[in-house]
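[1] predicted model, plus sequence, below.
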Amino acid sequence: MKTIDELLSEGVAGKRVFVRADLNVPLDGTTITDDGRIRAVVPTVKALADAGARVIVASHLGRPKGAPDPAFSLAPAAARLGEILGADVAFAEDTVGEAAESTVSGLADGQVAVIENLRFNAGETSKDDAERAAFADRLAGLADVYVGDGFGAVHRGHASVYDLPKRLPHYAGYLIATEVGVLKKLTDDVQRPYVVALGGAKVSDKLAVIDQLLGKADRLLIGGGMAYTFLKAQGHEVGISLLQEDQVPVVKEYMERAEKNGVELVLPVDVLVSTEFPDLKTKAAAHPTTVAADAIPADQEGLDIGPETRKLYASKLADAATVFWNGPMGVFEHPDYAEGTKAVAQALVDAPGFTVVGGGDSAAAVRTLGFDENAFGHISTGGGASLEYLEGKTLPGLAALED
Ligand SMILES: Nc1ncnc2c1ncn2[C@@H]1O[C@H](COP(=O)(O)OP(=O)(O)O)[C@@H](O)[C@H]1O
Ligand SMILES: O=C(OP(=O)(O)O)[C@H](O)COP(=O)(O)O
């Protein structure tokens, strides 16, 4: 994989450099609640700009449906990038249209522009190769060189991640180099006990990685929205909790295999439930109740792990030599459902071994809940990406940079 240092030594002054970043930051309206992913790409953007490149930063944000949707605009992220760089950052209100073209052609050497959300275009995420290729061709028309630095999206075979680098000279940015360097340690020489904690809301994506983890981890702690498919597989009712019903048979098989392989699979023993999802805007008191994990009422939704589970999970992390954690234990954005995530974060801080937190929301959670970033071994910008890396999968965005 060629790195940005090679690009810089070849010289980039005057060249249009397309930086595929992951600026998929949590937003409250247009306010960025955690800018970690923007800060993470700054070393690459700054090095290119300082060397006189005309830098085009591109990213997805959220999951819009292939058409413009103002709720998912990258404008707030572009503004924040400008603040961090201490420079004007131009913003193009489309991705490959007239606005993008004129913004890019108006860049002077050393200037930076952000183009609008890649996923406002159906071609970005299309499963149809020709549709993706057509979009990648248009993106390629904007630039001379490609730098891949959106680690959080390298597990996606999307046009800007996979097809575009095939069309331009391509290099890995500093963030990707750092992330891969750290995660390699967890695959090459993992210290045991190795504990993996999984939660969050992207249940179907992340259930798939458990297949491989059952051959690698010593202990798996399951929380967040992930837990309910496991509780259902154990034969319990889960009310209106997040559930991946079609995956229940698969999860049953995981549970049997864990037992056979001697992997400790730990599930919540109690959960916080409510009849409704909390209001994340007003943060109005939610008044949840604590129930045993096998007694979730039919009209209630599990929104955090309960106090007994917090203690249990902390005890399972207390002797860990390696920890990988992805996915909040509950809806941490609301204070009534943040305690589970806090407890697991604190247990990582207290664990004797090397700890990695991965994922946009997990990283945001530890910072917004007041933890010191330096108390963790590594905070990865990618959840799904780091999990798939640990699984040993070929990640499209890394493979494309290697070719
Ligand atoms: N029990 C739950 N029910 C619904 N959503 C949940 C639950 N627990 C956690 N979440 C949500 O999961 C989201 C993060 O999930 P995910 O995107 O998978 O994590 P990451 O970005 O760290 O990879 C958070 O917004 C959180 O509110
Ligand atoms: O937030 C992300 O992934 P993560 O939640 O697994 O960390 C990335 O920006 C990828 O987004 P996607 O899962 O919508 O492709």
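    Looks like it came in fine. Ligands and ions are numbered 1, 2, ... in the order given.
[2] ok, how many other residues are close to residue 395?
    24 (other C-beta atoms under 10 Å). Where C-beta positions appear, they are placed from N, C-alpha and C, glycine not excepted.
[3] oops, could you answer that again for residue 381 instead?
    Close neighbours of residue 381, defined as other C-beta under 10 Å, add up to 27.
[4] does it touch residue 36 like I think?
    Yes: proximity of residue 381 to residue 36 meets the contact threshold set by C-beta atoms under 8 Å, at 6.9 Å.
[5] show the contacting residues for residue 133.
    159, 163 (C-beta atoms under 8 Å, 6 or more residues apart in numbering).
[6] what about it, distance to residue 139?
    Distance of residue 133 to residue 139, given as C-beta to C-beta, to the nearest Å: 11 Å.
[7] can you give me the helices for the stretch 251-400 of the chain?
    Along the stretch 251-400 of the chain, counting by DSSP state H, counting those that start in this stretch, helices occupy 307-317, 339-350, 360-368, 384-391, 396-402.
[8] sorry, that was for the stretch 51-200 of the chain
    Taking DSSP H, counting those that start in this stretch, the helices of the stretch 51-200 of the chain run over residues 75-85, 98-105, 122-125, 129-140, 174-188.
[9] the last one to helix 384-391, inter-axis angle?
    Angle, helix 174-188 to helix 384-391, by axes from the mean of the first three to the mean of the last three C-alpha atoms, to 10 degrees: 30 degrees.
[10] okay, buried residues for the worst-scoring helix or strand of the chain on mean pLDDT please.
    Scoring the helices and strands of the chain by mean pLDDT, DSSP states H and E places helix 203-213 at the bottom, with a mean of 90. Residues of helix 203-213 classed as buried: 203, 206-210, 213 (neighbour count, 16 or more other C-beta atoms under 10 Å).
[11] I'd like those as a markdown table, with distance to residue 11 appended.
    What follows is those, written out as a markdown table (distance: C-beta to C-beta, whole Å):
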| residue | distance to residue 11 |
| --- | --- |
| 203 | 47 |
| 206 | 42 |
| 207 | 47 |
| 208 | 43 |
| 209 | 41 |
| 210 | 46 |
| 213 | 44 |
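[12] what's the farthest-apart pair in the residues you listed?
    203 and 213 (14.9 Å; C-beta to C-beta).
[13] picking up where we left off before, now the helices of the stretch 251-400 of the chain in a markdown table, with mean neighbour count, mean pLDDT and distance to ligand 1?
    Formatted as a markdown table, the helices of the stretch 251-400 of the chain follow (neighbours: other C-beta atoms under 10 Å; pLDDT from 0 to 100; distance: least, C-beta to the nearest ligand atom, whole Å):
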| stretch | mean neighbour count | mean pLDDT | distance to ligand 1 |
| --- | --- | --- | --- |
| helix 307-317 | 19 | 98 | 12 |
| helix 339-350 | 22 | 98 | 8 |
| helix 360-368 | 23 | 95 | 3 |
| helix 384-391 | 25 | 93 | 6 |
| helix 396-402 | 20 | 97 | 16 |
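[14] in JSON lines: the ones you listed, plus distance to ligand 2.
    Converted to JSON lines, those look like this (distance: least, C-beta to the nearest ligand atom, whole Å):
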{"stretch": "helix 307-317", "distance to ligand 2": "21"}
{"stretch": "helix 339-350", "distance to ligand 2": "14"}
{"stretch": "helix 360-368", "distance to ligand 2": "4"}
{"stretch": "helix 384-391", "distance to ligand 2": "3"}
{"stretch": "helix 396-402", "distance to ligand 2": "11"}
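[15] what's around residue 141, how many residues?
    12.
[16] tell me the contacts of it?
    Applying C-beta under 8 Å, 6+ apart, the residues near residue 141 are residue 96.
[17] look up how far ligand 2 lies from it.
    Residue 141 sits 24 Å away from ligand 2 when distances are taken as C-beta to the nearest ligand atom, to the nearest Å.
[18] quick check on that residue: phi, psi?
    phi -70, psi -20 (degrees, to the nearest 10).
[19] for it, give its distance to residue 264.
    53 Å.
[20] and residue 401, by the same measure?
    Distance from residue 401 to residue 264, by C-beta to C-beta: 37 Å.
[21] my guess is residue 283 contacts residue 332. True?
    No: counting by C-beta under 8 Å, residue 283 stays clear of residue 332, with 11.8 Å between them.
[22] which one's more surrounded, those two?
    When neighbours are counted by other C-beta under 10 Å, residue 283 and residue 332 differ, and residue 332 comes out ahead with 25 against 12.
[23] give the contact list for residue 354.
    Here residue 354 is in contact with 185, 191, 321-323, 377-378 (criterion: C-beta under 8 Å, 6+ apart).
[24] from these, pick the one nearest residue 99.
    Closest approach between these and residue 99, by C-beta to C-beta: residue 378, at 37.4 Å.
[25] so that closest one bridges to which residues?
    residue 356 (DSSP bridges).
[26] residue 10 versus that one, what's the distance?
    30 Å.
[27] please apply the same query to residue 284.
    Between residue 284 and residue 10 the distance, using C-beta to C-beta, works out to 56 Å.
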